[in-house]
Structures are given as C-alpha cells and as structure tokens.
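A.B. asks: Provided below are the primary sequence and the corresponding predicted coordinates.
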Amino acid sequence: MNVPEVIPIRHEPGYRTDTIGRCEGGQFLASVTAAFPEGWSGDDWQPRKRWYAVLHRFDATGRHLGSRIEFTGTTADGERQAVAAAQVLLAQWLDALPGRHYQDIVIAPFEVRFEGALFGLVVEVDDEDDEEQDEEDRVWMELYPDGLGFTAPWDGCYDT
C-alpha cells in the first residue's frame, strides 16, 4: 500500500478545518470535538459523549510535537454549555499562539489517547477481501475523534 509519510489538510474557513494553520515553531490543528471511550457501545450514550477543546502542535515538517486536550463536559451535563466552554478555551489557546496564520497544513500520522479516547491522524486499512476494490481505496487516514477521512490522491480534501 502506498501511504504517504505526510498529508496535506486544506484550511476551509467556516468548516471543519477552520482552525488549522502555522505559527512560530511549526503548525497546529485545533478543534472542539466530542469523543466516546474507545470500544464503547451501548444505549446510554449521553453521559459517555464527552466534549473537548483540542490543540495539536507539529513541527514545520509535520511531525507531532504534542497535544493539549481539555474536557469541558458531557452531553448529559448539557451539550450547549460543554461546547461553549470548549470554544472559549480553544479561542484562548489559539490567541496565545505566536505568529498564528490560518492556512493549509501538512502533517504525519500520530496517535494520542486521553481519558480512554483516541485523538490523532490514524492510518486505516480495509482488510475485507473485495476483488473489485482498488488497493488505494483500501487505505485512508482518519482524524479522530473528529471523523474526517483523507484518501488518495491525498490532496487535502476530506470526507465525513
């Protein structure tokens, strides 16, 4: 399988990649997102849907340097308040980035686990034996927990 070492992610103002770009020291990818614990399934989802402010940092070549992740509440506690708290926190973090410019980025796959949830850009492979599926259609990169999928031709566009 031909998986690139880094992939571009397009900056799209007003959409899911609105808060990505470059700053002094490298690149960043930020979001307000909800996550469930890995492997969880069930009917009682509201207390398990946890909201976070997330700021991932990368060097100029796209290598992951670190992540700042903060829990702001569950859907059961009040989704609107949890999202609003995460948005305020994220705005503060972004305002503190020196030389911040919102623009396209190029990053490598990475994984971070926080409070039992997966965050990161993860290489995924469809192992199903489907003879009609091209090899390049069997591999993609998924941004967790945001649910953005990136595939060949690796042009920075995503599917949800």
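C.D. replies: Happy to help now that I have it. Numbering: from 1, shown residues only.

A.B. asks: what ranges do the strands span in this structure?
C.D. replies: 7-9, 20-23, 26-35, 50-58, 64-74, 101-102, 105-107, 110-114, 117-125, 139-144, 148-150 (DSSP state E).

A.B. asks: Export the ones you listed to CSV and append columns for mean pLDDT.
C.D. replies: Below are the strands of the chain laid out as CSV (pLDDT from 0 to 100):
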stretch, mean pLDDT
strand 7-9, 98
strand 20-23, 98
strand 26-35, 98
strand 50-58, 98
strand 64-74, 98
strand 101-102, 98
strand 105-107, 98
strand 110-114, 97
strand 117-125, 96
strand 139-144, 96
strand 148-150, 96
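
A.B. asks: what's the closest of the ones you listed to Gly156?
C.D. replies: Closest to Gly156 of the strands of the chain, according to C-beta to C-beta: strand 7-9, at 3.8 Å. Bear in mind the C-beta positions are built from the backbone N, C-alpha and C, glycine included.

A.B. asks: Who does Gly73 form a beta bridge with?
C.D. replies: On the basis of DSSP bridges, Gly73 is bridged to Trp51.

A.B. asks: Quick check, central residue of this protein?
C.D. replies: Nearest to the mean C-alpha position of the chain, by C-alpha atoms, centre = their mean, lies Leu143 at 4.1 Å.

A.B. asks: Just put the strands of the chain in TSV and tack on distance to Gln92.
C.D. replies: Shown next, in TSV, are the strands of the chain (distance: least, C-beta to C-beta, whole Å):
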stretch	distance to Gln92
strand 7-9	23
strand 20-23	15
strand 26-35	11
strand 50-58	9
strand 64-74	11
strand 101-102	16
strand 105-107	21
strand 110-114	19
strand 117-125	19
strand 139-144	23
strand 148-150	24
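
A.B. asks: Of the ones you listed, which is nearest Gln87?
C.D. replies: Using C-beta to C-beta, the nearest of these to Gln87 is strand 26-35, at 5.5 Å.

A.B. asks: how many other residues sit next to the closest residue to the residue nearest to the centre of the chain other than its chain neighbours?
C.D. replies: Nearest-residue entry for Leu143: Leu121, 5.3 Å, with adjacent residues in sequence omitted and distances by C-beta to C-beta, 6 or more residues apart in numbering. Leu121: 24 surrounding residues under other C-beta atoms under 10 Å.
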